[in-house]
Each structure stands twice: as structure tokens, then as C-alpha cells.
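> whatever this is, show me its structure:
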Amino acid sequence: MIIEQLSPKGGVSISGIDMSRALTAAEGSQLSAAFEEHGLVVIRGQNLTKRQLVAATEPFGGPELNPAVNDCDPEAPGISEIRTRGPNGEALHDDDDALVGDIAFHTDQAYITAPNRGKLLYAVEVPQEGGGTGFIDGFATYSALSDTIKAQIEGLHVVQSWAHAQATIARNKAYRVDGEQELADNRFADVAYPMVLTHPHSGRKALNVPPLWASGVVEMPGAEGQALIAELIAHITRPEFAYWHRYRPGDIAAWDNWRFLHAAEGTPGRYARLIWSVVIRGGPVMGRELGMTIYTIDPGQMPNWPADHLSRYLATDGAEGYWADFTAVRGPAKAPNLILTVVGRQSRRRYRHGLIYGETDGCCVIIGSKGGAPDHPAWYLNLLVNPSVEVQIKERKFHATARVASGEERAELWKMMVDLYGGYADVQGNTEREFPVVVLEPVAD
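This next block holds a predicted model:
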């Protein structure tokens, strides 16, 4: 394996490795280390099937396998096609010179609170002109700020708006992901992210003001905040920070979404471009939905705070209670919560419980920690007998089937949940009981 500098602006180019076969442990470790250090990796000269591309995400964190939706290949879950031609080969634009698929610098999944780790793009068909992907390193843009600006923006939060982004994308009607459905402007609520984002793995600081999404500053509403956003975007998008990758057929570009912005240059309408895309699984919660109140335990409610938390969540459909601060009971300062309804194994009565949860592959994951107690929580014992449960996440309610993860799956999900709340590992050390990791699989009604 040969690793070389990709550009003075960041990233590495890797050759001499075949991603179509199973990698050795040493190769996987080298790729993982390169990704963690550089955040942008281009692997040259590959010849992959869609399933092999999904497998190629493993050194970078593994795939996020989306449920079967229109923009994913049912034979290779997780793969989306980004193309300038429709399913029958027709051009998506009737103007040979107009750009198809240009999109401003952005981070992926900036409209939710726990974004994916990154993405792999695999070049299948490359145009003669255009079709590049731009990358900007948030570590570099933060480091280049003056100490005065760094002090000014520390502790501020940028408003990342789905509606703002859709208004921008709407100018280019030829932007397509294969089979994409029309998306409503209000599909996602605005979210607040730290303007200075501390990377969950390295601890380094990145400037987080994605031009496509950034619509304001939480702590500086109005013109003052808009002026700061404009100033920072002008800084971020200076030419000296941007690397534009020109694809060769068989290139894989993998980047760290928690660190890099990326953009699509667009392709002139006369040319065909086909890219296969697969998402790298995400991790910790980084943002919060605006308009949501963080439920904080009142010491005066001890020991009855679970009932208070549950009642407020149900009364407000999670507007108060979805996010909760559990530091008063040695829990996380901010964690997402769902409401789980189970049927009693003896009483046959329905019981509701507010629980911290994570998400993977369209399913919810919960941990039976019970604060490190020697016995399992009652909700867990109940669902072992009656695995048909009900779940509420904010206003969304659905039926699910509960199952207990084991083996490698349990190990992966346990790590994911410890990343969400490190206290699970601490309290697990206080008991010989192994905490059950429970997967809640939605059931179609």
C-alpha cells in the first residue's frame, strides 16, 4: 500500500490495494489510521461491485444501511446512485451547457442531531468536463482564524436549516439522486450545532459553518448574527482552503463528515456522470433541535423524577423530555430519549418507560443498565416474554419487535451506545450482570 499527499490543502492518495477482496488486519488498520489522521482519503484504481463498495466502508466505521427506499439499490442496501442521466439514459437537463447537480459546500445530515461519520463516493462514469467534488478541512479553517475571532465564536451555535438549504437547492432543478422524492421545506426542524465543533475522536477543533445550511446564530438573532455568518463563510470559502478532486474511473473518495465540508461542482448537461455512494455509520449526538426544551432533573423530585420526565414527554410529544439532562443522577448532560411501552409478563398491564436510545439501520437501540443494579430492569424482563412493544420518539409513534443483540452485533451496538453515553461503561463495571443490548425493529402497521 502506497500513501501519498493528495494536495497541500489536505488528504492522502492511496494506491496498491484491492478493495474488492477481504483486507488483512494490517491493511484495515492502515486505512483506518489514514482516515483518522487526514480525514480525506482517495483510493485509486478500483473495480468494485455495489456490494463490494458497501464492504469497503468497514475500515472507516462500517456502512449505514438505510431501509429500502427509492434512492437505494434493493440488491445492495446502502448504495445510492448520483447521476446526470435518468433510469432510461435520458439527460436530466435539456441545455448542453447548463450544470447538472451543482451544490454548495455543506456537511451531510446537518439537519439531524447525530450526523453520519462520512461517505464513500465511487466513480463509475466520469465526464470529460466538470463533475468534481470540493473539500474544505474544518481544522484548517479554524486554525487560520485570528485569536480575536476564535474567542468571539467560542460557545456560539449555528442554526442549520433544512428549509434554508432547500431554497438554495431549488434553483437547480436538475440536482438528482436516482429516484429521489420531492422533499418538503419543513421536513426537518432547525437544529443548533456548535460553531466550533470538537471532533469526537481527535479532540481537535473544527470551524462548523456549512454554507448550504447555516441560516443564523442562536445567541445572536437578527442582522448581527447574519453578518457573522457571512464573514465566516467568506473566510471558509477562500480558494486557498478548497481542494477540488477530479475523478478517474475507479476512484473511491472517503471523507470525515465531522471535519470536512464538501461540494458538488456540477456537470455540463452534455456529459454523463455516474457515482455510487455509501454512507459511513454515524455516532454521537452533536446538535439539538431548536424549539425543544432539555428536561433537567429537579433534585426536589427525587426519587420520583422518572414519572415526572415521562409525564412531561407525553404531554408535549417530546418537546420537553426528548432531550434530557441526567447529571443529577450521574447520567449524561444531554441524551435523546424515547418512550417504550411494554406489556407486563404477569399483570398484562401496559407500562411506559423513558429510556435513552441510539439508532442504527432504521432500528432503535436501548440498554438495560438500571444504573448498574445487580438485577435486570422490569421492562427488559417484560419484553423477553412479550417482545411486541410500542415506541414513541417525539410525536412519532410506532409498533416494534424487541430482540436482544448478541455476539459481534452486541459488541458493535454496545460501542455505539457507549459513544453516546460513556457512563454505561462506568456502571457496567459496578456489577457482574452483563447489561442487555436491545434492538427495537419497527413493524409496518
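> all contacts plus neighbour counts: C-alpha atoms, from now on.
Fine.
> what about the helices in the stretch 201-350 of the chain?
223-236, 305-316 (DSSP state H, counting those that start in this stretch).
> for the last one, which residues meet the burial criterion?
Of the residues in helix 305-316, 305, 309-314 count as buried by neighbour count, 16 or more other CA atoms under 10 Å.
> tell me the one of those residues nearest residue 428?
Using CA to CA, residue 305 comes nearest to residue 428 of the buried residues of helix 305-316, at 22.5 Å.
> my guess is that closest one contacts residue 295. True?
No. Counting by CA atoms under 8 Å, residue 305 stays clear of residue 295, with 10.4 Å between them.
> ok so, going back, export the buried residues of helix 305-316 as JSON lines, with columns for distance to residue 390 and pLDDT.
JSON lines is the format used below for the buried residues of helix 305-316 (distance: CA to CA, whole Å; pLDDT from 0 to 100):
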{"residue": "305", "distance to residue 390": "22", "pLDDT": "84"}
{"residue": "309", "distance to residue 390": "18", "pLDDT": "89"}
{"residue": "310", "distance to residue 390": "15", "pLDDT": "91"}
{"residue": "311", "distance to residue 390": "17", "pLDDT": "90"}
{"residue": "312", "distance to residue 390": "18", "pLDDT": "89"}
{"residue": "313", "distance to residue 390": "15", "pLDDT": "92"}
{"residue": "314", "distance to residue 390": "13", "pLDDT": "92"}
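> which ones are touching the closest residue to residue 331 other than its chain neighbours?
Excluding the flanking residues, the one nearest residue 331 by CA to CA, 6 or more residues apart in numbering is residue 423, at 6.6 Å. By CA atoms under 8 Å, 6 or more residues apart in numbering, the contact list for residue 423 reads 330-332.
> and the strands in the stretch 201-350 of the chain?
Here the stretch 201-350 of the chain has its strands, by DSSP state E, counting those that start in this stretch, at 205-207, 214-217, 242-245, 252-256, 260-264, 267-268, 274-280, 288-289, 293-296, 320-325, 335-343, 350-356.
> comparing those, which yields the minimum mean pLDDT?
Among the strands of the stretch 201-350 of the chain, strand 293-296 has the lowest mean pLDDT, at a mean of 76.
> quick one: buried residues of stretch 391-410?
Those would be 391-394, 399-405, 410, for stretch 391-410 by 16+ other CA under 10 Å.
> among those, name the ones in helices.
The helices, defined by DSSP state H, take in residue 410 from the buried residues of stretch 391-410.
> which stretches in the stretch 51-200 of the chain count as strands?
79-83, 99-100, 103-106, 118-125, 133-137, 157-160, 191-194, 196-198.
> what helix or strand is residue 29 on?
Applying DSSP states H and E as the criterion places residue 29 in helix 25-38.
> after that helix comes which helix or strand?
Later in the chain than helix 25-38, the nearest helix or strand by DSSP H and E is strand 40-43.
> show me what contacts residue 138?
By CA under 8 Å, 6+ apart, the neighbours of residue 138 are 205-208, 259-261.
> could you do residue 137 as well?
With CA under 8 Å, 6+ apart, residue 137 has these contacts: 9-10, 206, 241-242, 259-261.
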